[in-house]
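K.L.:
Coordinates for the following, if possible.
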Amino acid sequence: MATEKSINARGLPHVRLQGLRKLLEEQGAKGEIVRILETHNGLTGILAETASAKRPDGTEVSFHGMWSSSLTASATKGKPDIEQVDTSARLGLVRDTLDVTSKPMIYDADTGGLAEIFRYTVRELESMGVSACIIEDKTGLKQNSLFGTERKQVLADPQEFGHKIAAGVKAKRTNEFMVIARLESLIAGYGVDDAIMRAEVYLKAGADGIMIHSKDKDTTEIFEFMKRFQDFFLDANGPFYGQPKVPLVLVPTSYNHCTEEQLAERGANICIYANHMLRAAYPSMKNVAEQILINSRSEECDKILLPVKQVITLIDSNPLNPDAKPPPTPPTAVDMLAKEPIDCAGFCEAIRTAGINFFCGVPDSLLAPLLQHMSGEFPSDSHIITANEGAAIGVAAGHYMASGDVPLVYMQNSGLGNIVNPVMSMAHKDVYGFPMVLLVGWRGCPGHKDEPQHITQGKKTLEMLKSMGIECHILPMNQRQAEDMVINATNQARDQQQPVCLLVPPKTFAGIKNNVQVPESGLTRESAIETVIGQCDENTAIVGTTGYTSREIYEVREKLGQGHGADFLCVGSMGHALAIAQGVAVAKPNRSVVCLDGDGACLMHMGTMTLSKTMNCTNLVHILMNNKVHDSVGAQPIGCSQGPDEDGAKTTVHDLDFAQIALNVGYKSATTVSSEKELLAIIKQLDHTDGPHFIDVKLILGTRPDLGRPKHSTFEAKNLFMEYLSDEAKC
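P.N.:
Purely as a prediction, here's the structure:
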């Protein structure tokens, strides 16, 4: 019984009143922000009270409190946000919300009215258990701040507004209630100096906190204010030196690309999501009304409506009733809509609508259905497959400067490492500022089973994007939402003048992985690998590139009844197999070292080939498995194989003379073969002590559908290979 009463006491005024200050202390100790959600009635209050989610890194998050907004209170009554809804009506909405919730509330008190009236508002809010109120330093007919300088924003005299703050502070009967001053200097166009001056006046008048407001997407001014606000309390000659910093409140409605973590790092203590519940409700209600009119019935609306029974249960199970059963988990916004793979045709049309007409990147298996569709939808000169992801950023930047159009760059998240330099030192808004949409396949996405090389990358993907300052949106499995998202992301990239990312979880796009016709005869990769391994003695170490090649090396060893210690299989690190082989060759000059490379992988970091002679890798044989495509991610052409036919209408597959390139960079010999007989003959002729040697093996497409995967863990495979290399008896 004591426990129930203790739980139920959370919603009592004296308990709730203390809530905000306690949250500021608790969150501040962790270096985290207090997260506040707008409410405008009891139902939205229950949502703010109960909403929770798990982030991709597994962290459980919820809202800490509620914001009673004057804008949304006015809008629910169909009236403009000009303080036309009186305080009594506003407080009625507050009571409705407090009756069914227990979390702290911050009240939007507009300008506060006359000082003599404001003191009574403070008393009433404090009695109800509201934790804080915020008043803004404007006078005359109120204009919503998001109009900015489009409407005349008249700021109050700072000294007079300070008197109003002082009157409210004096009216408090406890130290728990907070009177927070809202600065409108940036809204009115007066700048940071004016905001800092006003903050000093209001703090001297006794304000318990400061809220700084801005309608600009560009955070230059807001960040400058935050920096100077922190300096207030660090300046030994300043007016507040030695005093505890008062809380700083932000409402990032316009600069919503900033994360809570970014704001907290700069000194923000409270982040208010000030109008999102109402903004979410209106388009949904409008959609339902239109669907009923169009279909002369409501059946079509069922998929986006919460069942009536769940509404009844939700209301019946408010958090202040200890005897009520826990409410059922309500569906998320995405769950309430049809959740099916995205149709590529519709998505491509949305890309066109967004104004994107140029694409480049490195293919990925999760994006394969879309890339297949794009290859048929867009002319070849507007779709470029690049050697690596960093090059794609460069191509996109050049295209933007030449055309003024936002391009799309696609890749797997494993390619994020390749884009760090060109993004941070070129495309970032603080350098040149090149807008582009990054479409990134999310391998290793938490909650989806994947191969070992993708797990760590998948967990760190959001963190990597955040560290680069790239705003990231996760593409939903919902056609309309996905199409809206690519349009919004393009606009955001254009507005912010920098890359914006759309992250694509597994199975998001509908369609087949590839539609390439497999020739009936010719040398397959697996047959070529078996031929090479058949000619390797126990002194030969093999390094296999990522993708199907390494899987087939493993399967050939199994077929021949051989061990796996002599092989290092690159399950990740695309393009670096040759570098690994070179490292082994230099350290073990008495061993033969064979690198089984891929054409796409070799092209990705082709500069590595120049080191085979420089490093004196005389014991290295570099064998290229060349089928002219990125086979394991959808059989898209590699960059150097892509090009137009004579009529320029279609993409065809061209040859690059890899053997000639090998000779040009110093390989002792370089040969091109296209049959098992030719491959066998050249391997038998090679002197494994007089290299480096290069063999370009021309292959047909084709991978058997039952191809297995290595059964050793990556750690076991590494240790086996190291044991093999350390066995001098085999040298």
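K.L.:
quick one, strands of the stretch 101-250 of the chain?
P.N.:
105-108, 132-136, 178-183, 209-212, 248-250 (DSSP state E, counting those that start in this stretch).
K.L.:
I figured His40 was touching His276, is that so?
P.N.:
No: between His40 and His276 there is no contact under Cβ atoms under 8 Å: 10.9 Å. (Glycine included, C-beta is placed from N, CA and C.)
K.L.:
Mind listing what's buried along the strand or helix carrying Gly458?
P.N.:
Secondary structure assignment for Gly458, by DSSP states H and E: helix 452-467. Within helix 452-467, the residues that qualify as buried are 453-454, 457-458, 461-462, 464-465, counting by 16 or more other Cβ atoms under 10 Å.
K.L.:
For Pro379, state which of those is nearest.
P.N.:
For the buried residues of helix 452-467, the minimum distance to Pro379 (Cβ to Cβ) is 30.5 Å, reached by Leu465.
K.L.:
For the closest one, which residues are in contact?
P.N.:
416, 472, 501, 503 (Cβ atoms under 8 Å, 6 or more residues apart in numbering).
K.L.:
again, only using 6 Å
P.N.:
Going by Cβ atoms under 6 Å, 6 or more residues apart in numbering, Leu465 touches 472, 501.
K.L.:
Look at Arg21 and tell me its secondary structure.
P.N.:
helix (DSSP: H, G, I helix; E, B strand; the rest coil).
K.L.:
what's the average pLDDT for the helix or strand following the helix holding Gly458?
P.N.:
Moving toward the C-terminus from helix 452-467, the next helix or strand (DSSP H and E) is strand 471-474. Strand 471-474 comes out with an average pLDDT of 90.
K.L.:
Given strand 471-474, what are its sheet partners and their directions?
P.N.:
Strand pairing for strand 471-474, using DSSP bridges, gives strand 499-504 (parallel).
K.L.:
Which SSE is immediately downstream of the partner strand?
P.N.:
In the C-terminal direction, the helix or strand that comes right after strand 499-504 (DSSP H and E) is helix 525-534.
K.L.:
elements contacting that next one?
P.N.:
Judged by 3 or more Cβ pairs under 6 Å, 6 or more residues apart in numbering; DSSP states H and E, the packing partners of helix 525-534 are helix 548-559, helix 676-685.
K.L.:
Now the last one: buried residues?
P.N.:
Taking 16+ other Cβ under 10 Å as the basis for neighbour counts, the residues of helix 676-685 that come out buried are 676, 678-680, 682-683.
K.L.:
Tell me how many other residues crowd Arg35.
P.N.:
For Arg35, the number of neighbouring residues by other Cβ atoms under 10 Å comes to 18.
K.L.:
For it, which three-state class applies?
P.N.:
Under three-state DSSP, Arg35 comes out as strand.
K.L.:
Report the contact partners of the residue lying closest to Ala396 once chain neighbours are set aside.
P.N.:
Distance criterion Cβ to Cβ, 6 or more residues apart in numbering; nearest residue to Ala396, sequence neighbours excluded, is Pro407 at 4.1 Å. The contact partners of Pro407, by Cβ under 6 Å, 6+ apart, come to 358, 396, 399, 436.
K.L.:
mind listing the helices for the stretch 551-700 of the chain?
P.N.:
577-587, 599-604, 611-614, 658-664, 676-685 (DSSP state H, counting those that start in this stretch).
K.L.:
tell me the angle of the first one relative to helix 548-559?
P.N.:
Comparing the axes of helix 577-587 and helix 548-559 via axes from the mean of the first three to the mean of the last three Cα atoms, to 10 degrees yields an angle of 60 degrees.
K.L.:
Could you list the low-pLDDT ranges of the chain?
P.N.:
Counting by pLDDT under 70, the low-confidence segments of the chain come to 1-10, 81-84, 140-153, 309-339, 512-520, 631-635, 638-654, 729-731.
K.L.:
Strands of the stretch 351-500 of the chain, start to end?
P.N.:
Going by DSSP E, counting those that start in this stretch, the stretch 351-500 of the chain shows strands at 359-361, 383-385, 408-412, 436-441, 471-474, 499-504.
K.L.:
As a markdown table, these with mean neighbour count and distance to Ser185 would be great.
P.N.:
Converted to a markdown table, the strands of the stretch 351-500 of the chain look like this (neighbours: other Cβ atoms under 10 Å; distance: least, Cβ to Cβ, whole Å):
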| stretch | mean neighbour count | distance to Ser185 |
| --- | --- | --- |
| strand 359-361 | 27 | 44 |
| strand 383-385 | 21 | 47 |
| strand 408-412 | 26 | 39 |
| strand 436-441 | 26 | 34 |
| strand 471-474 | 18 | 27 |
| strand 499-504 | 24 | 30 |
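K.L.:
The ones you listed: which one's closest to Glu124?
P.N.:
strand 471-474 (41.2 Å).
K.L.:
And the contacts of that closest one?
P.N.:
So strand 471-474 is contacted by 257, 465, 485, 489, 500-503 (Cβ under 6 Å, 6+ apart).
K.L.:
and which of those is nearest Thr689?
P.N.:
Nearest to Thr689, judged by Cβ to Cβ, of the contacts of strand 471-474 is Leu465 at 47.6 Å.
K.L.:
Nearest spatial neighbour of Asn90, chain-adjacent residues omitted?
P.N.:
Slight slip there: residue 90 is Arg, not Asn. Ala73 (5.5 Å).
K.L.:
ah, wrong one, I meant Asp99
P.N.:
Nearest to Asp99 is Gly42, by Cβ to Cβ, 6+ apart, at 6.5 Å.
K.L.:
where's the one you found relative to Gly92, distance?
P.N.:
11 Å (Cβ to Cβ, to the nearest Å).
K.L.:
Pick out whichever of these two has more residues nearby.
P.N.:
Between Gly42 and Gly92, Gly42 has the larger neighbour count (other Cβ under 10 Å), namely 18 against 12.
K.L.:
Pull out the buried positions in stretch 263-276.
P.N.:
263-264, 266-276.
K.L.:
got these as JSON lines, with distance to Thr121 columns?
P.N.:
Compiled in JSON lines, the buried residues of stretch 263-276 are given as follows (distance: Cβ to Cβ, whole Å):
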{"residue": "Leu263", "distance to Thr121": "29"}
{"residue": "Ala264", "distance to Thr121": "30"}
{"residue": "Arg266", "distance to Thr121": "31"}
{"residue": "Gly267", "distance to Thr121": "29"}
{"residue": "Ala268", "distance to Thr121": "26"}
{"residue": "Asn269", "distance to Thr121": "23"}
{"residue": "Ile270", "distance to Thr121": "20"}
{"residue": "Cys271", "distance to Thr121": "24"}
{"residue": "Ile272", "distance to Thr121": "19"}
{"residue": "Tyr273", "distance to Thr121": "24"}
{"residue": "Ala274", "distance to Thr121": "19"}
{"residue": "Asn275", "distance to Thr121": "21"}
{"residue": "His276", "distance to Thr121": "25"}
